[in-house]
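Provided below for reference: sequence and predicted model.
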Amino acid sequence: MAIQVVSVEFLRTSTRPSEWPPGRTPEVAFVGRSNVGKSSMLNALARKRGLARVSATPGRTRALQFFELRYRPTPAARPRALRFCDLPGYGYAKVSKDERAAWGSMIEDYLRDRDTLRAVVLIVDVRHPPMESDLDAHGFLSGAGREVVVAATKIDKLSRSARGAALRTVEQALGLERGAAVPFSAVEGTGTDALWGRLHAIASARGAEEGPGAGG
């Protein structure tokens with residue numbers, strides 16, 4: 001599905017529920033290990049370079065970052081509203097235990113309690129089998145009743161012949177059916193339309209807001 005992104009804007013940075021954006025606009029959260037490529041994925045999906053800051057320093061994102069997009073699923077469709085939430089990366093060891101605990105509490109509160117959250121994109125590095133923290137994240141999300149879309153990123157780092165086996169390793173480790181993980185590369189553009197298709201279908205199934213006034 002070739003989604004047309006009509007507009008995109010940064011909304012706010014939040015560290016507590018009182019700061020979460022109001023309204024009924026459906027949201028999709030993005031979570032993964034530090035430096036797994038969340039910001040690059042967000043920029044690719046938004047068709048806007050520099051929307052989310054790409055940093056070589058793991059652990060840079062320390063709050064929830066909200067973005068609002070308006071998109072057309074087809075050229076003739078009315079614009080729909082969808083929010084993205086970029087969550088702090090997990091698994092970064094060079095911060096204090098207290099800070100990691102604060103991040104964890106903030107993230108878990110959002111993932112458990114946010115009633116407009118429709119799906120969570122769990123991003124894993126396809127070059128390696130999922131790590132224990134990836135398995136823990138998937139287990140937590142599943143236990144919380146969240147719909148999880150697994151995106152196996154950095155697929156461009158593998159040869160074409162190695163990609164299928166690497167994807168199957170990810171799927172087996174996470175208990176997914178064959179073909180469930182979305183291969184993704186912000187460099188190649190691989191998986192952008194496929195991931196958008198999944199997210200649109202999920203948001204639409206729960207009644208995505210439409211029209212110029214959506215998401216207030």
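All right, it came through fine. Residues are numbered from 1 along each chain as shown.

need the contact list for the residue lying closest to residue 191 once chain neighbours are set aside.
Closest residue to residue 191 in three dimensions, ignoring its sequence neighbours and counting by C-beta to C-beta, 6 or more residues apart in numbering: residue 184, at 3.6 Å. No exception for glycine: its C-beta is placed from N, CA and C like everyone else's. By C-beta atoms under 8 Å, 6 or more residues apart in numbering, residue 184 lies in contact with 41, 123, 151-155, 190-192, 195.

confidence score at residue 184?
Residue 184 is assigned a predicted lDDT (pLDDT) of 97.

Check residue 211 too.
pLDDT at residue 211 comes out at 38.

Any buried residues in the host helix or strand of residue 165, and which?
Assigning secondary structure by DSSP states H and E places residue 165 in helix 160-173. Neighbour counts over helix 160-173 (16 or more other C-beta atoms under 10 Å) mark 163, 166-167, 169-171 as buried.

right, and the helix or strand after it?
strand 182-183.

Return the residues in contact with the residue nearest to residue 41 when sequence neighbours are not counted.
Leaving aside its chain neighbours, residue 41 sits nearest to residue 186 (5.9 Å; criterion: C-beta to C-beta, 6+ apart). Listed by C-beta under 8 Å, 6+ apart, the contact partners of residue 186 are 37, 40-41, 43-44, 153.

Mind giving me the ChimeraX command for buried ones among those residues?
The ChimeraX command for the buried members of these (criterion: 16+ other C-beta under 10 Å) is given here:
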select :37,40,41,43,44,153
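
Would you convert the contacts of residue 186 into CSV that also reports distance to residue 113, pLDDT and secondary structure?
Below are the contacts of residue 186 laid out as CSV (distance: C-beta to C-beta, whole Å; pLDDT from 0 to 100; DSSP: H, G, I helix; E, B strand; the rest coil):
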residue, distance to residue 113, pLDDT, secondary structure
37, 27, 88, coil
40, 28, 90, helix
41, 24, 93, helix
43, 28, 92, helix
44, 29, 93, helix
153, 27, 97, strand
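
farthest pair in the contacts of residue 186?
Across the contacts of residue 186, the longest distance by C-beta to C-beta is 12.6 Å; it joins 43 and 153.

for the protein, longest strand please?
If you go by DSSP state E, the chain has its longest strand at strand 4-14.

elements contacting the following helix or strand past it?
Using DSSP H and E, the helix or strand that follows strand 4-14 towards the C-terminus is strand 27-32. If you count contacts as 3 or more C-beta pairs under 8 Å, 6 or more residues apart in numbering; DSSP states H and E, strand 27-32 packs onto helix 38-46, strand 80-86, helix 97-113, strand 117-125, helix 132-143, helix 192-205.

Select, out of those, the one closest to residue 13.
Comparing the helices and strands packed on strand 27-32 by C-beta to C-beta, strand 80-86 comes nearest, at 9.7 Å.

In terms of secondary structure, what does that closest one contact?
strand 27-32, helix 38-46, strand 64-72, helix 192-205.
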